[in-house]
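J.: build me a model:
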Amino acid sequence: MIDQPIRPAATVIIARAAAPQYEILILRPTNAAVFAGGMYVFPGGKIDEADADPELINFISPLGAPQLRQQIALGDAWQACWVAGIRETFEESGILLAYTADGVLANTQAMNLDQARAEIHDGTLTLKALCAREGLTLAVDQIHYFNRWVTPPGRPRRFDTRFFITSAPLNQLHRHDGAETTESLWISPTKALDRNAQDDFGMMTVTIKQLETLNQYQSLTSLLTMAGGQTDFPYYAPVLPVAPAAGNP
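T.: Have a look, this model is predicted:
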């Protein structure tokens, strides 16, 4: 069997304050999706060439101290990773992680962005063009690099995914697109893991592992404090067994 190529990707874990534990946004791709069909996932997808467009630097917020550390860990791909996470989150959930010209996070309830969302998805509009048209700056300083996972061999799609954590903008509503994603909800890590254990909430292993880590935190404040204070960024890649040398058992 020929293994699938590994594609770079970015995923954003969006959290909001709630009690007794904060909640995260989970999406359910259509059952027909080749990757994670019918499973609950975080917003995200593959990195496109346009995400590395050098001109996008003009539409990216200045990096805060946490992001400067994270930029080093991400290496040369830092811009493409952050931009892809923002773009895919907008396409899949309708949440736009960007500032308006007056320096506040976008209030999408006062903006008609549904058409732009569809155009970015089908490639007729770039995120750079949207930012220029709407006077937006991508809120990279609100998004924390968390860790990196590589899909194991043998899957129909394989990704090298950088995971990020951010807080949900206050003046935005999530809306799954009804095509690629057919359901979306806010749920605490504890409830998501409990439902998965009861076979009521299908998730991939990587999602479960992320939730197990996130479940160590009870409040949005503690989660963001952890994410912003990280100096070590775990990298999880499958270790393949070494084939025995000829003549050895």
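
J.: which parts of the chain are helices?
T.: Secondary structure of the chain (DSSP state H): helices at 65-74, 78-93, 114-122, 127-134, 189-197, 205-214, 220-229.

J.: can you tell me which of these is nearest to Arg16?
T.: Proximity to Arg16 (Cβ to Cβ) singles out helix 220-229 among these, at 6.7 Å. (Each C-beta comes from the backbone N, C-alpha and C, glycine too.)

J.: quick one: that closest one to helix 189-197, angle?
T.: 90 degrees (axes from the mean of the first three to the mean of the last three Cα atoms, to 10 degrees).

J.: among the helices of the chain, which is nearest Pro8?
T.: With Cβ to Cβ as the criterion, Pro8 lies closest to helix 78-93 of these, at 7.4 Å.

J.: that closest one to helix 114-122, inter-axis angle?
T.: Helix 78-93 and helix 114-122 are oriented at 120 degrees to each other (the same axes, to 10 degrees).

J.: give me the average confidence score over helix 78-93.
T.: Taken as a whole, helix 78-93 carries a mean pLDDT of 96.

J.: low pLDDT regions in this structure?
T.: Applying pLDDT under 70 to the chain flags the ranges 1-3, 30-37, 177-179, 239-249.

J.: thinking again about what came up before, switch the helices of the chain over to CSV; also include mean neighbour count.
T.: Shown next, in CSV, are those (neighbours: other Cβ atoms under 10 Å):
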stretch, mean neighbour count
helix 65-74, 17
helix 78-93, 25
helix 114-122, 15
helix 127-134, 16
helix 189-197, 16
helix 205-214, 18
helix 220-229, 16
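
J.: separation between the closest residue to Ala227 other than its chain neighbours and Glu49?
T.: The shortest distance from Ala227 to any non-neighbouring residue, by Cβ to Cβ, 6 or more residues apart in numbering, is to His144 (3.8 Å). As judged by Cβ to Cβ, to the nearest Å, His144 and Glu49 stand 25 Å apart.
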